[in-house]
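Chemist: structure, please.
(3 chains)
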Amino acid sequence: MFAYLLRRFALAGLMLFGLICLTFVIANVAPSDPAVLAAGPDAGKAQIEQARREYGLDKPLPVQFLRYVGDLARGDFGRSIATGRPVGSDLARYFPATLELCIVAMTIGLVVGISLGMLSALFKDQWLDHLTRIFAVSGIALPPFWFGLLLQLGFAVWLGWLPTSGRIGVSTDPGDPITGMLLVDALLRGDGALFWQGLSYIVLPALVLSLPCLASILRVNRSEMVEALRADYITSARAHGVSRWRLVTVHALKNAMIPTLAIIGLRWGWMMSSTVLVETVFDWPGIGLYAVSSAIAGDFKPVMGVTLIVGLNFMLVNLVVDLLYGVLDPRLRDA
Amino acid sequence: MVASRSVRLAAWHFRRSFASSLGLGLVAVIVLLALAGPWIVPYPDDVAGKVNLADKLLPPSKAHWFGTDEVGNDILTRVIVGARLSLLVGIGITLAAAAIGVPLGILAGTAGGKVREAIMRVTDLFLSVPGLVLAIALVAALGPGIVNAMIALVLVWWPGYVRLAESKALSIRGEPFIEAARVAGAPGLRILWRHVLPNSLSPIIVKMSMDIGQAILAVASLGFIGLGAKPPTPEWGAMISIARGYLPDWWWYAICPGAFIYASVLGFNLLGDGLRDILDPRSHRG
Amino acid sequence: MTLVEIRDYRLAFDTFDGTLHVLDGIDLALEAGQTLGIVGETGCGKSVLARSLLRLNESPPARVVSGAILFEGQDVLALPERAMRRLRGRRIAMVFQDPASYLNPLLSIGTQMEDAIRGQESAAGEAKRPRRAIRDHAAGLLASVGLAEPHRLLDSHPHQLSGGMRQRVLIAMALAGNPSVLVADEPTTALDVTVQAQVLALIAGLVKERGLALMLISHDLGVVAASCARVAVMYAGTVVEEAPTAALLANPRHPYAQGLIAAVPDIDNPAHKPRGIPGSIPNLLKPPTGCRFHPRCALATDICRSTKPALRELAPAHRVACHHATPEHPGP
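Modeler: Numbering: from 1, shown residues only, chains lettered A, B, ... in the order given. Below is the predicted model:
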């Protein structure tokens, strides 16, 4: 197990290096001249050349690459042209908001997905199963940006139950960030009103974000539960008189959770990338919105920063998933 | 006898499953609209981008089922015309991704050793950045536009096929009948062509069916955030992006294009699901 | 006292290709404390029959066509699930074929045993016992099947045990509820030969010690002969002959039973060449009319093709389902 973990960490390190290479390559295939971008829209030839020298863009690519790696190692992601701030500090500000959104969405996805998956496996080929199947396929097929707009229209504009967009009311002071995650900060401060307000803002975007994830967790969990419930060890457990509840929630579910875990890891990545759409719809001040507005403005450094952060986060989550496999499966612990 | 049984089995699966039939039906409708679009739309003039400000932003009515847009074009007309673009783009991305990924995957799975290691590491690398984020990074580098969006999505999509084809090739390589062919002296390429490819085909076809839907969704997503097709191209995502500016007062503007995206993605997903039940009954991953 | 009585039990599986007529009118009885072996080729329906006693066949596809399975006079096929759970483990227990797949790979032995014991106790409406007591109970069971260090074993997982140990664990679990009937479905098939003998001896010892009624399912006539007082021979979903073990081995009446015995190699007499039975088991989608064995039978006549032979008692406790077997003229 330890050797396995060590190998996983080494692999993650390698992947991180690969990721850095990938962003560097993407940045350098760009047909637009980064020096022109860096110098600003109204720059003359001389200013562009000065920018080129200043950013080391006149050096050969390997030198530029080393400089890029060195900068990243110091946490320097470059400077955003649009905000004028270093990309690193922008990311530090926007990332917690995205993380918070994803955690809430994943929680919804896990709880609802696993319970519905279990239920539809138990009532296989009955109306509940057919209903959840339609629901699950819809969840994957619904365009999140459109569904988001519909929810805004329904719950915020017409019913007026929830705020339309944003993360917190304009007139509300969320205080200085502690973790940067509003709900967590509100709890840490014991500020109930702020917590409820934050919750009312996060419900709709989290719901939209969770839907595809919920749907695939549901589907995988259902089919794995169906499989597990048919397994020999379930037959023998039934024969030995194990209660139905234990049989389903422990004996079968634990086996079904291993493949489900794989999809959870995968879906976390999808979720991170869907924030690009959901944050645009709901004006959620996270890295998704940051990436989109930068990409539209042709502002390159922030987009690469977001790519790196999302990739890194995805890698870490998959490392955690690998650890959880070991927790679930005793065969892996001994291997 | 064998063929007739499998045909009957397919028919049985589709008849038995409402979902699969629905998928087949939806895909058939989308394909039909894509083929016949310009000839069957209620307002052919609006296709070319006729401006008719007198009729702008009309609510749904008998004349305009889903209302009109900001230049007075019939929304339904533009959405139907957009079906061709979306379908072509979806199929194009999927085909290109499969054309890159499948050969690489089969090569990796059968060659093994350093070749496999190299191919799979690069694949993992591309898979390490979640799809849409990588696509945005690529579009940001290449510049916005529908062609660049397509290139970006192909670059995002091919690794999935490598993974799938590799795992299939790996498992087939271990099968006794391959061993037998090898012992009998069949050359490597022939084994690939005659045995490995046909046996990996089922899950690849299933994945392609699902991916066409997902690619349509991805292109629409890029269109929505302003990195894909540019208005006035009748692209569904871009239309919703404009419609968003007319919310909430002209809410119906967004309904029709979104419903079409939903219907086509749903159709291809359900179709893929149904195909999987028939072609690849042992796998059951969602 | 008759514990289990199976009456004209017919079971079918509904599949895409049609209905599989898996069991066709089974009549069998098991007395308290009796040992009954059931032999037959793979696919003859013996495991399906064994599972029917605890109603473990997944339905659909399984469908009871007719008949009854009486346990102490109660029809288990008609019991509600709740009442069924009071029987499972408590009255009728089961040991399975491949201990590797019949133990949950992710749960510790202790958890699996605790869950079985708790489930039985709650189904019977007994008071909840503390975990300590249940674990001691489980450890005692493990010790009673000859496993050393039972308390440590409770914390281990199935993959850490050998095949023989796993089968012992499964037997211990089957004994947890102190049942009166033990159904063993090919309990030694997946084990090494030397371990097979140990497990069979263990089962025989437990049966004797606890006065269990045993239904032992096996494709291996030798295994059944060594452990059972009576044997029923099954062919394609029907019981073709049922007799005391010695009588069946010495004087098999049914052509299929004769073939089965002739097919067993004789270790003491290498000159005896085992003979196979020509043909193969029939397609249960379209089972042969009349006697299901007639396409493979050298004696088959028109009546065999048209009429299903009933199980008739030809000698005391010796029943045969063959038109050509008579008391005066025993088979060929």
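
Chemist: going forward, measure contacts between C-alpha atoms and count neighbours the same way
Modeler: Noted.

Chemist: just give the number of residues close to the residue in chain A that chain C sits nearest to.
Modeler: Closest contact between chain A and chain C, by CA to the nearest CA, is at residue A:233 (3.9 Å). Using other CA atoms under 10 Å in any protein chain shown, residue A:233 has 24 other residues around it.

Chemist: so for it, what's the pLDDT?
Modeler: Each residue has a pLDDT score; the one for residue A:233 is 93.

Chemist: surely it touches residue C:102?
Modeler: Yes: counting by CA atoms under 8 Å, residue A:233 touches residue C:102, with 3.9 Å between them.

Chemist: tell me how many other residues surround the closest residue to residue B:234 other than its chain neighbours.
Modeler: Closest residue in space to residue B:234, ignoring its immediate chain neighbours: residue B:82 at 5.0 Å, by CA to CA, 6 or more residues apart in numbering or on different chains. Using other CA under 10 Å, residue B:82 is surrounded by 25 other residues.

Chemist: where does residue B:82 sit, in terms of helix or strand?
Modeler: For residue B:82, the host element (DSSP states H and E) is helix B:75-111.

Chemist: lowest-pLDDT helix or strand in chain B?
Modeler: Every helix and strand of chain B was ranked by mean pLDDT, DSSP states H and E. The lowest is helix B:2-16, at a mean of 67.

Chemist: Three-state assignment for residue C:285, please.
Modeler: The assignment at residue C:285 comes out as coil when based on DSSP: H, G, I helix; E, B strand; the rest coil.

Chemist: quick one: residues contacting it.
Modeler: C:17-21 (CA atoms under 8 Å, 6 or more residues apart in numbering or on different chains).

Chemist: dump those into a markdown table; add neighbour count and distance to chain B as well.
Modeler: Listed next are the contacts of residue C:285 as a markdown table, based on neighbours: other CA atoms under 10 Å in any protein chain shown; distance: CA to the nearest CA, whole Å:
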| residue | neighbour count | distance to chain B |
| --- | --- | --- |
| C:17 | 9 | 9 |
| C:18 | 11 | 12 |
| C:19 | 16 | 16 |
| C:20 | 18 | 18 |
| C:21 | 22 | 21 |
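
Chemist: just flag the most distant two among the residues you listed.
Modeler: The span of the contacts of residue C:285, defined through CA to CA, is set by C:17 and C:21 at 12.1 Å.

Chemist: tell me the pLDDT of the residue minimising distance to the centre of chain B.
Modeler: Central residue of chain B (CA atoms, centre = their mean): residue B:212, 1.2 Å from the mean position. For residue B:212, the pLDDT comes out at 94.

Chemist: quick check: it touching residue B:268?
Modeler: Yes: between residue B:212 and residue B:268 there is a contact at 6.7 Å, judged by CA under 8 Å.

Chemist: restrict the contacts of residue C:285 to contacts with chain A.
Modeler: Taking CA under 8 Å from any CA of the partner chain as the test, chain A is in contact with none of these.

Chemist: element containing whichever residue of the stretch 201-332 of chain C sits closest to chain A?
Modeler: Per CA to the nearest CA, residue C:215 is where the stretch 201-332 of chain C lies closest to chain A, at 14.8 Å. For residue C:215, the host element (DSSP H and E) is strand C:213-218.

Chemist: residue A:148 now?
Modeler: Residue A:148 belongs to helix A:144-151, assigned by DSSP H and E.

Chemist: how far is that helix from where the chain is centred?
Modeler: Mean-position distance between helix A:144-151 and its chain equals 18 Å (CA atoms, centre = their mean, to the nearest Å).

Chemist: elements contacting that helix?
Modeler: Under the contact criterion of 3 or more CA pairs under 8 Å, 6 or more residues apart in numbering or on different chains; DSSP states H and E, helix A:144-151 touches helix A:192-229, helix A:253-282.

Chemist: and the next helix or strand past the last one?
Modeler: The one in question is helix A:253-282. Toward the C-terminus, helix A:253-282 is succeeded by helix A:287-296 as the next helix or strand (DSSP H and E).

Chemist: and that next one, what's its mean pLDDT?
Modeler: 91.

Chemist: thinking again about what came up before, pLDDT wise, what is the residue of the stretch 201-332 of chain C closest to chain A at?
Modeler: 93.

Chemist: then residue B:283?
Modeler: In this model, residue B:283 carries a pLDDT of 52.

Chemist: what helix or strand is the residue in the stretch 51-200 of chain B positioned nearest to chain C on?
Modeler: Of all residues in the stretch 51-200 of chain B, residue B:171 sits closest to chain C, at 22.5 Å by CA to the nearest CA. In this structure, residue B:171 is located in helix B:146-173 according to DSSP H and E.

Chemist: immediately after that helix, which helix or strand?
Modeler: That would be, after helix B:146-173 and using DSSP H and E, helix B:176-183.

Chemist: identify each buried residue in that following helix, please.
Modeler: residue B:178 (16 or more other CA atoms under 10 Å in any protein chain shown).

Chemist: list the contacts of that helix.
Modeler: B:172-173, B:188, B:191, B:195.

Chemist: what secondary structure does the spatially closest residue to residue B:275 that is not a sequence neighbour sit in?
Modeler: Closest residue in space to residue B:275, ignoring its immediate chain neighbours: residue B:206 at 6.1 Å, by CA to CA, 6+ apart. Assigned with three-state DSSP, residue B:206 falls in the helix class.

Chemist: quick one: low-confidence parts of the chain?
Modeler: No chain was given, so I picked chain A. A:1, A:30-34, A:37-41, A:335 (pLDDT under 70).

Chemist: my question was about chain B
Modeler: Looking at chain B by pLDDT under 70, you get B:1-3, B:6, B:13-16, B:48-49, B:186-189, B:280-286.

Chemist: and the residue of it that's closest to chain C?
Modeler: For chain B, CA to the nearest CA, closest residue to chain C: residue B:9, 8.1 Å.

Chemist: tell me the secondary structure for the residue nearest to that residue when sequence neighbours are not counted?
Modeler: Nearest residue to residue B:9, sequence neighbours excluded (CA to CA, 6+ apart): residue B:278, at 7.4 Å. For residue B:278, the assignment made with three-state DSSP gives helix.
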